[in-house]
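>>> I need the structure of the sequence given here:
(2 chains)
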Amino acid sequence: MNQLLSISGYLAVKEVWRNRGRFLLVSLVIALITLLVLFIAALGEGLGNGNREYISKLDAELIVYQAKSDFLIAASRLGRDRLAAVRRVTGVADAGMFGAASANLVLPSDVEPLKVALLGVEPGHVGEPQVLEGQQLSTDLAQEVIIDSNTAYRSGIGVGDTLTIRVTQGTRDELFDLRVVGVADGQQYSLQPSIFAPFYTWDRIRPKSEAEVNSSNPVANVVLVKLEDPAQIEAVSQRLAEQVDNVEAATLKDAIQALPGYSAQQSTLNTQGGFTLFIGILVIGGFFQIQILQKVAQIGVLKAIGTANPVVAASSVIQIMVVTVVGVAIGALLAFLFSLTFPPTVPIVFNGTTSLLAVVALLLIGPLGGLVSIRYAVRIEPLKALGLSS
Amino acid sequence: MTAYALETKSVIKTYQSDSGTIYAVDDVSLQVAAGEFVALVGPSGSGKTTMLSMLAALLQPSSGQILLDGQDLAGTDDLQRVTMRREKIGFTFQANNLVPYLSAVENVELMLRLNNKLDKAGKLRARELLARLGLGERLHNLPGQMSGGQQQRVAIARALIHNPSLVLADEPTASLDTERAYQVVETFAGLIHEQQRAGIMVTHDLRMCEYVDRVLQMQDGKLVRIYSTHDEIMELVRGGRH
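As a prediction, the model looks like this:
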């Protein structure tokens, strides 16, 4: 085995080194494919993350929706009576109202207003994000908000500042001033920077239809539920359905999958990534197949002087691995350098696991693409290759 | 026990075609002793290349025996034949002889590497052999940086470096001009004699027979004549010159 690796490694490295320009060219093509795959993966991660960030970071296990709302937060309406009923269910440790709406954050006169997700949460209950800087929300009626770091970055607003929200209620545009008490890290909602207001304040300042303007009964979209024992998720989910009228519960994972456009977006990006990998397989396969065709006589000589087939095959595999590893390394380095130039507002996230998976897939496409050429090399007949066959 | 490095007994190689069985090699028996350089000549289609392929363990005979150092090549499997080629046979071809990405000395050392015998002494021997062949200044040149004659001489060094019992040369002068062709064959013959190898050269150029000890003439797959004496061979050579 050592002898086999020693000879095949020697032949492979010598050939790559003596033809380094040609092999480097292929490595650069692989580097570009790597760059593309990593960016698609990062874009998928960034978009997915921007979509699910708030929900995936919730300290909750279940989300309770209005029945038949298809787990769409915007389509669900739950009143305070449901919250009380949910809190009474055995196994529920905490529950909090959650409402989602869109609003414009008014910025200095020469800057376009920033579209934000205006979210209503109950202070001290599940759903309220933990602040990195400043304080948590004080009461349900306080004229204060927590903003996420993305909102702070884009607007330049910080703790202690007062921000102005513009919403449409009925047919009128209304402006509301709110004091920023805290900044939370990474709490985007539906790819929008977010602002968290106490639930009753949120209900007062959120966009409303004409019919809702005079209503005094606050309505949330969903109720976020934290369990006493997360292992009892199935049982509590069942009890919620039985004991609370007209609701259905979903795990966070199911809730994320049900986010509008989330699954379609992820599958589109995954398909793009898959196709790019497939193109990589074709490029590597094509290059090595052409190369093998060009050196049939040379392989014939090697075999005629006593080089065994495993040496020829291992030599090809080593060459493919060298070219692929160099290409992936260059591509990964380029991706890393590019990533440093993107502002945090661009939805590109180089998540360790996703990037690692993409790199492993890219390293596998080399040998996969070269399989045909390796098989061809092994089947070369020295007699025919040397023109000795009758 | 055989006294010959190479001995064939009634070797036959047949192919099937639409018109029936073709005898590419038909009942050929020959012997080559260690230190003997033999030419295999004959017109195109006489079977000499097929014979050479069988002697090189690249092709199995349909029947008969090919004894190399007493071991029958006909009864071996693929792996054994690869080992035989690596250990007991040296080979030079018409063209595309060398591995293009290895230098002259690396091409020669390759045979030692394949046999797991590349040590300091082997490296020194490779350099000395190349120097003897007039390539002392070309050790690190790639094949593409050498002339056809120089490449053939590197191939000769590679065919001899691992001390094989049998050295085969398939038209080694085919791509060379007359002067270089004479030089290559003369050097080849000298080394065969000096190192006591059994050497067989397939050639269509009868002038090159000047340096061999015997000439085996094939026609229609059969061994039709053997030129053994110096006078017979020189007469054949003179015929080739005209």
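
>>> What parts of chain B come near chain A?
For chain B, the residues in contact with chain A (Cβ under 8 Å from any Cβ of the partner chain) are B:15, B:24, B:49-50, B:52-53, B:56, B:58-59, B:79, B:82-87, B:89, B:91, B:93-94, B:96-102, B:106, B:110-111, B:113-116, B:142, B:158, B:170. Heads up, the C-betas are built off the backbone N, CA and C, glycines and all.

>>> which residues of the chain fall in strands?
Going with chain A. A:62-66, A:78-79, A:92-106, A:114-121, A:133-134, A:144-148, A:162-169, A:172-184, A:194-198, A:219-220, A:222-227, A:247-251 (DSSP state E).

>>> let's do chain B instead
Using DSSP E, strands in chain B cover B:6-17, B:20-32, B:37-41, B:63-68, B:71-72, B:89-92, B:166-170, B:198-202, B:214-219, B:222-227.

>>> And B:Leu129, how far from B:Leu73?
Between B:Leu129 and B:Leu73 the computed distance is 27 Å (Cβ to Cβ, to the nearest Å).

>>> which one of those two has more residues nearby?
Higher neighbour count among B:Leu129 and B:Leu73: B:Leu73, with 26 against 21, using other Cβ atoms under 10 Å in any protein chain shown.

>>> quick one: that one and B:Leu58 touch, right?
No. Between B:Leu73 and B:Leu58 there is no contact under Cβ atoms under 8 Å: 10.0 Å.

>>> re earlier: got the strands of chain A as TSV, with distance to A:Ile284 and mean neighbour count columns?
Formatted as TSV, these follow (distance: least, Cβ to Cβ, whole Å; neighbours: other Cβ atoms under 10 Å in any protein chain shown):
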stretch	distance to A:Ile284	mean neighbour count
strand A:62-66	45	25
strand A:78-79	54	18
strand A:92-106	47	22
strand A:114-121	44	23
strand A:133-134	49	16
strand A:144-148	43	28
strand A:162-169	53	16
strand A:172-184	45	17
strand A:194-198	44	27
strand A:219-220	54	22
strand A:222-227	48	26
strand A:247-251	41	19
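
>>> and the angle for the helix ranked longest in chain B with strand B:37-41?
Determined from DSSP state H, the single longest helix within chain B is helix B:178-195. Using axes from the mean of the first three to the mean of the last three Cα atoms, to 10 degrees, the inter-axis angle of helix B:178-195 relative to strand B:37-41 is 130 degrees.

>>> helices or strands next to helix B:178-195 in the packing?
strand B:37-41, helix B:148-160, strand B:198-202 (3 or more Cβ pairs under 8 Å, 6 or more residues apart in numbering or on different chains; DSSP states H and E).

>>> now it: how far from the chain's centre is it?
12 Å (Cα atoms, centre = their mean, to the nearest Å).

>>> quick revisit: switch the strands of chain A over to CSV; also include mean pLDDT and distance to chain B.
Converted to CSV, the strands of chain A look like this (pLDDT from 0 to 100; distance: least, Cβ to the nearest Cβ, whole Å):
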stretch, mean pLDDT, distance to chain B
strand A:62-66, 95, 63
strand A:78-79, 90, 73
strand A:92-106, 94, 64
strand A:114-121, 95, 61
strand A:133-134, 94, 62
strand A:144-148, 95, 58
strand A:162-169, 94, 68
strand A:172-184, 94, 60
strand A:194-198, 96, 60
strand A:219-220, 92, 72
strand A:222-227, 95, 66
strand A:247-251, 93, 59
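
>>> Around the nearest residue to A:Gly261 once chain neighbours are set aside, how many other residues sit close by?
Residue nearest to A:Gly261 in three dimensions, not counting chain neighbours: A:Asn51, with 7.5 Å by Cβ to Cβ, 6 or more residues apart in numbering or on different chains. Here the count is done by other Cβ under 10 Å, and A:Asn51 has 23 residues near it.
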